[in-house]
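Structure, please.
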Amino acid sequence: MRWIELNFIDFIQLQRGHDLTKEQIVTGNYPVVSSTSIMGYHNEYRAEGPGVVIGRSGTLGVVQYIKTNYWPHNTSLYVKDFKGNLPKFVYYFMKNFGVSSHGGGSAVPTLNRNSLSKIKIRIPDIQTQRRIADILSAYDDLIENNQRQIKLLEEAAMRLYREWFVKLRFPGYERTKIVDGVPEGWDRGSFEDLCTQIKDTVKPKDIVANTPYIGLEHIPRKSICLNEWISADGVNSNKFKFTQDDILFGKIRPYFHKVGFALVDGVTSTDSMVFRAKDNMFGLLLMIASSDSFVQYSYITCKEGSKMPRADWNEMKRYQILIPDNKILMDFNRRIYEYTRLMKLLSLQIRSLRQARDKLLPRLMSGEIEV
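Have a look, this model is predicted:
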């Protein structure tokens, strides 16, 4: 194994991304990569894959590996020339490099690629790069596989809800009379029949060390599995407590569709609502709260007069629903609960894999561990 020292400019060549607004995107196969994520798919590309993209403006230092040809957005920098280095190694190197510490600007932080040019770095020979990339990729492949399985479970849960409660094709529906849209033995109800809104406020000084904290930024869009959180150490405002399986609903700009169930006990921003299911209502509560129709209703009934519309519990609780007979309710709750237990297991595995990878990353990049 041989390591050499060189200037950053001799390692890779970074190029600013290209302008493209959301309105200009013509649906296609090529990802448009912004500073933090894929913002859409265009019918043209400006860089060949595999590629490495780094957040340049606003959010600095987020590093993304793109397998296909892609369009790097102007909020990012992308590697135009790998200069003989392995793209996957470059991706891991940049994740470990700490790009955000080299940013400038005030209101909108910006990364200037020229500021990196003369920084001294150490890199290994290409064979060692490949071995390091293979070791770290093994973790990421497992993470990606678990994420795919979680997505499939989420889709299966929503499919089941739509089949039973929207199309009314529940077990035994062929033998059940339906009068005015209500199956025999079912009742009309409202959202508040499913849950209680929890406002268990805790002050920063009373939060136990290492308590999980889920802010709005940690709640994904259109995903019911809340598997991202940080430590609440250092929070400086009041929070709401929640427990496992409580439903968190992002109330600011509800059209962002941030709804999901908690995997752990913790605290959340007061910009989220906390719903706790009544007996046997967990499955139905989760699926209705995360449905497109309920999220849309929460938005159109928002409190007015604010640049940031906020969902209004007094309106949300009136949302009309169908409540099935006890047998259907318990069967549905059991099935959704099984889906969510699998999601939780996969999510906790993802967290463990990320922690192991992130501990290994700097040791591999420094040469401390020989490969």
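
Looks to me like residue 314 is in a helix.
Yes - looking at residue 314 with DSSP: H, G, I helix; E, B strand; the rest coil, it is inside a helix.

pLDDT wise, what is it at?
According to the prediction, residue 314 has pLDDT 95.

Which helix runs longest in this structure?
Assignment by DSSP state H gives helix 326-366 as the longest helix of the chain.

now for it, which elements pack on it?
When contacts are defined as 3 or more CB pairs under 8 Å, 6 or more residues apart in numbering; DSSP states H and E, helix 326-366 sits against helix 87-97, helix 126-161, strand 225-226, helix 282-289. In this view, the C-beta of every residue, glycine as well, is placed from N, C-alpha and C.

Tell me which of these sits nearest to residue 247.
With CB to CB as the measure, helix 282-289 is the member of those nearest residue 247 (5.3 Å).

quick one on the thing from earlier: would you list the helices and strands packed on helix 326-366 in TSV and tack on mean pLDDT, mean neighbour count and distance to residue 210?
Conversion of those to TSV gives the following (pLDDT from 0 to 100; neighbours: other CB atoms under 10 Å; distance: least, CB to CB, whole Å):
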stretch	mean pLDDT	mean neighbour count	distance to residue 210
helix 87-97	95	22	25
helix 126-161	97	16	23
strand 225-226	96	25	18
helix 282-289	98	24	27
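
Kindly reformat those as a markdown table containing distance to residue 309.
What follows is these, written out as a markdown table (distance: least, CB to CB, whole Å):
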| stretch | distance to residue 309 |
| --- | --- |
| helix 87-97 | 36 |
| helix 126-161 | 25 |
| strand 225-226 | 22 |
| helix 282-289 | 18 |
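
Identify each buried residue in stretch 309-320, please.
By neighbour count on 16 or more other CB atoms under 10 Å, the buried set for stretch 309-320 is 309, 310, 311, 312, 313, 316, 319.

And the strands in the stretch 201-350 of the chain?
201-202, 212-214, 225-226, 230-231, 239-242, 247-250, 259-262, 266-268, 272-277, 320-323 (DSSP state E, counting those that start in this stretch).

Which pLDDT value belongs to residue 109?
57.

before we move on, what about residue 296?
At residue 296, pLDDT is 96.

Can you give me every residue that contacts it?
If you count contacts by CB atoms under 8 Å, 6 or more residues apart in numbering, residue 296 has them with residue 255.
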